[in-house]
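# could you work out the structure for the sequence below:
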Amino acid sequence: GVLYLKNTALPVATVFTTHATTLGRSLAYNNIKLYDVIDVVNGDEKARELNVAAKHSLEKCAAHNADVFTTVSDLTAKECKSFLSREVDMVTPNGFEDTIVPKGPAFTKYHKDARAKLIEVAEAMTGESFENPLLVGIGGRYEYKNKGIDIFVDSVAAIEKSSYSGRSILAFVMVPAGINGYDKELVAKLGGKESDYTTHTSHNLQYPENDPVLCRMGALGINNKVNNKVKLLFIPSYLNGSDGVFNMPYYQLLSGLDLSVFPSYYEPWGYTPLESLAFKVPTITTTLAGFGLWVNEYYTKAHPGISIIPRDESNYDEVVKGVCEKIIEISSLTESEKKQYKDNAKSVSEV
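Below you'll find the model as predicted:
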């Protein structure tokens, strides 16, 4: 549209906003140290090397021909300057439409129903009963490294291997993958069928032998045995309210968590932690997320509703440690402290 209007010389002003750069996402996806090369890489050459030249060139042309060029964070503004050879005219942070969040007693029921459903499915998947477990989770697109899913899996594995002896931890990976429908044996068990059946996944993955989450679980020895302190449960379906297992939308299941974890490596903005806060769920993100940087800039001291963990190219283990510490901290909260955390979380999203 920008290029058409420019070519026809119609008297219409244009704005082009990019929420990421094609090249930045590709560099991160291909395990190239994006933040080490951002100031020195030749964008056009690297795009050809990574086979994204067409998308990159269209993005670059749009940036140069729009009357106003914007992006969503200072992180991405730096990418634009380097990869697209144009500085943005302004940074326009994203927001969230809070009217979709239930209020008052409706939210209380919304939250309780979600928590009950998460525990019910976890019990069916593991064959174990849980009393007041800690529910933690990660969601978003299935970008294993970029979204910090690797950090999340490694963190819960580290807690399992530690001396932690607090509440049982149910850790949910809620990211859609290629599936062949829901797990019928699991659904039958949820429907009341007596069964010893257990599973790590709620839906049938098309290629489980190549799945990054399952492969990492196997490498780390995460097997969800009855005596394990931590259970890691993979929910690889779009949670649209009719997935066949939960039949609740993502936002409702999110509201049932005690803590959400989004330790991103590449995250131009980061809606997921903002969504969590809007639904009164304390959250974790990193300094490599635009939203995390915004919180650090807006709040002059640490905010109890959200933890911003410093992340760079070389401190993976430190990020894992930070996530572990926060999960354990949340697990030890009293009910009144948990309520205060949730109220604090909500206050960030309202700014």
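# and the strands in the chain?
15-18, 68-71, 90-91, 134-139, 169-174, 179-182, 203-205, 230-234, 259-261, 283-286, 306-309 (DSSP state E).
# need these in JSON lines (columns: mean pLDDT).
Formatted as JSON lines, the strands of the chain follow (pLDDT from 0 to 100):
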{"stretch": "strand 15-18", "mean pLDDT": "96"}
{"stretch": "strand 68-71", "mean pLDDT": "97"}
{"stretch": "strand 90-91", "mean pLDDT": "96"}
{"stretch": "strand 134-139", "mean pLDDT": "98"}
{"stretch": "strand 169-174", "mean pLDDT": "98"}
{"stretch": "strand 179-182", "mean pLDDT": "97"}
{"stretch": "strand 203-205", "mean pLDDT": "98"}
{"stretch": "strand 230-234", "mean pLDDT": "98"}
{"stretch": "strand 259-261", "mean pLDDT": "98"}
{"stretch": "strand 283-286", "mean pLDDT": "97"}
{"stretch": "strand 306-309", "mean pLDDT": "94"}
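# for residue 26, find the nearest of those strands.
Evaluated over those, closeness to residue 26 peaks at strand 15-18, with 13.9 Å, by Cβ to Cβ. The way it works is simple: take the backbone N, C-alpha and C, and place the C-beta from them, glycine included.
# quick one: contacts of that closest one?
2, 59, 62-63, 65-72, 76, 80, 92 (Cβ atoms under 8 Å, 6 or more residues apart in numbering).
# how about a cut-off of 6 Å?
2, 62-63, 66, 68-71 (Cβ atoms under 6 Å, 6 or more residues apart in numbering).
# hmm, which of these are the buried ones?
2, 62-63, 66, 69-71 (16 or more other Cβ atoms under 10 Å).
# circling back: adding distance to residue 195, write the strands of the chain out as CSV.
Listed next are the strands of the chain as CSV, based on distance: least, Cβ to Cβ, whole Å:
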stretch, distance to residue 195
strand 15-18, 50
strand 68-71, 51
strand 90-91, 53
strand 134-139, 24
strand 169-174, 20
strand 179-182, 15
strand 203-205, 17
strand 230-234, 17
strand 259-261, 31
strand 283-286, 35
strand 306-309, 39
